[in-house]
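J.: below is the structure, and that's it, no one-letter string:
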């Protein structure tokens, strides 16, 4: 019994098939009960009609019983007009005459009486009467139920077939085939179609995330080789001379520390590990200027309010990256503008460089993009992290050229976190 239950429960289409069968069976019982009640009422009316007919035939035969010619004529008229067979017996049970087809098992017996005296008996058979009319009805009902049950099995299998495709694709993704996608020939609209779209979207996001991580690791490994190589050279020179070598070593260590910090920030974004806190926007800007080695005089804070909500580590990393990018690749920081708008804080860094080439404006926030007007070094992870941090907070990042020369690179942080970001 346990094996049967496991067999049924192991597949959804089997359970649907069983439930369809139970529903059809119950429906059949209801139809049969209703038919029985209806036919039972009709059968009661039929009995009353037969009783009246039996009384009528008995009375007619009693009037002509002593006249054999009239009696035979009446019997033949019953056979002819009513389509019945009739057998006449006398009071002792002796056969008087048989009319119509043989009647071995009479349907009705009509006693022939005259003034309470029994003259004889008439046995009547209905010609070609379907005495078992109920049996074909229930047989047809059963065949119809079986046909419906078979059709329901096909319907159940067809309904469940797309789920098999979903299971297959989910298994492929679990095995590492992130390029697997659900392709439905049918059921593209509805809950199953929505589920297929959700699985495909999930697979696309995972695939993009894994590609970003591979690209990130490849880029970091490339970027970190240069300061490590210089550190090896400087450590050898440090044995021979003093002074400037120590400063160079410190600078290279700081560069490696910055790369590692950006890598950690990127990893936190990958795992959605934001820690929102109440911050002071002015203090955040001043701390980032100090970290980038810039004077507080370049800060243009355009708000009396200072309350800001966000992840302190990630926002500091984003703003520091803007400042360091302008300092190292765009001719220096001209102004850091911090303003509170209707729905967001905006941090904007204006540089003193030549600005972006038109084709670089769109690609400025891609990883490891080298601008045509840059000094030759890569933009690295900096601006790509700025965009990701801003989007993780529900904001955005953008770059534009200023009319008077130079570029403006900025990001926004909403005053209130979107519901999806908590």
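T.: Yes, it's here. Note that the coordinates shown come from a computational prediction; the quantities given were computed from them, not determined experimentally.
J.: quick check: which ranges of the stretch 101-250 of the chain have low pLDDT?
T.: Residues of the stretch 101-250 of the chain that meet the criterion pLDDT under 70 lie in 127-138, 141, 149, 156, 159, 186-190, 216-225, 239-247, 250.
J.: pretty sure residue 388 contacts residue 274?
T.: No: contact between residue 388 and residue 274 fails when scored by C-beta atoms under 8 Å: they sit 11.4 Å apart. All C-beta spots, glycine's among them, are computed from the backbone N, C-alpha and C.
J.: compare those two (neighbour count), which wins?
T.: Regarding residue 388 and residue 274, a neighbour count based on other C-beta atoms under 10 Å identifies residue 388 as having more, with 22 against 18.
J.: grab the nearest non-local neighbour of the most centrally placed residue in the chain.
T.: Computing the C-alpha centroid of the chain and ranking residues by C-alpha atoms, centre = their mean puts residue 195 first, at 2.7 Å. In space, and not counting its chain neighbours, residue 195 is closest to residue 166: 6.3 Å by C-beta to C-beta, 6 or more residues apart in numbering.
J.: ok but the one you found is inside a helix, no?
T.: Yes: Residue 166 forms part of a helix when assessed by DSSP: H, G, I helix; E, B strand; the rest coil.
J.: next, count neighbours for it.
T.: For residue 166, the count of nearby residues is 16 (other C-beta under 10 Å).
J.: what's the distance between it and residue 197?
T.: 11 Å (C-beta to C-beta, to the nearest Å).
J.: quick one: contacts of stretch 59-67?
T.: Outside of stretch 59-67, the residues within contact range by C-beta atoms under 8 Å, 6 or more residues apart in numbering are 70-71, 73-75, 88, 110, 112-114, 119-120, 122.
J.: and the next element down the chain from the helix or strand where residue 226 lies?
T.: Take DSSP states H and E as the rule and residue 226 turns out to sit in helix 191-238. Once the chain leaves helix 191-238, the next helix or strand it forms, by DSSP H and E, is helix 244-270.
J.: tell me the helices and strands packed up against the helix holding residue 226.
T.: Identification of packing neighbours for helix 191-238 by 3 or more C-beta pairs under 8 Å, 6 or more residues apart in numbering; DSSP states H and E yields helix 134-174, helix 244-270.
J.: that one versus helix 134-174: what angle between them?
T.: Orientation note: helix 191-238 sits at an angle of 10 degrees relative to helix 134-174 (axes from the mean of the first three to the mean of the last three C-alpha atoms, to 10 degrees).
J.: quick one: work out the angle between helix 191-238 and helix 244-270.
T.: Using the same axes, to 10 degrees, the direction of helix 191-238 lies 170 degrees away from that of helix 244-270.
J.: related to what we said a few turns ago, out of the contacts of stretch 59-67, who's nearest residue 30?
T.: When these are compared for distance to residue 30 (C-beta to C-beta), residue 110 wins out at 39.7 Å.
J.: ok so the closest one is a strand residue?
T.: Yes: the assignment for residue 110 is a strand, going by three-state DSSP.
J.: neighbours of it, just the number please.
T.: Burial of residue 110 is recorded as 25 neighbouring residues (other C-beta under 10 Å).
J.: same thing with residue 280?
T.: Using other C-beta under 10 Å, residue 280 has 13 neighbouring residues.
J.: secondary structure class for the residue lying closest to residue 407 once chain neighbours are set aside?
T.: With C-beta to C-beta, 6+ apart as the criterion, residue 407 has its nearest non-adjacent residue at 4.6 Å, and that residue is residue 355. Counting by three-state DSSP, the backbone at residue 355 sits in coil.
J.: with residue 122 instead?
T.: Assignment for residue 122 (three-state DSSP): strand.
J.: show me what contacts the closest residue to it other than its chain neighbours?
T.: For residue 122, the nearest residue in space outside its immediate sequence neighbours is residue 110; the separation is 4.4 Å by C-beta to C-beta, 6+ apart. With contacts defined as C-beta under 8 Å, 6+ apart, residue 110 is in contact with 54-55, 57-58, 61, 121-124.
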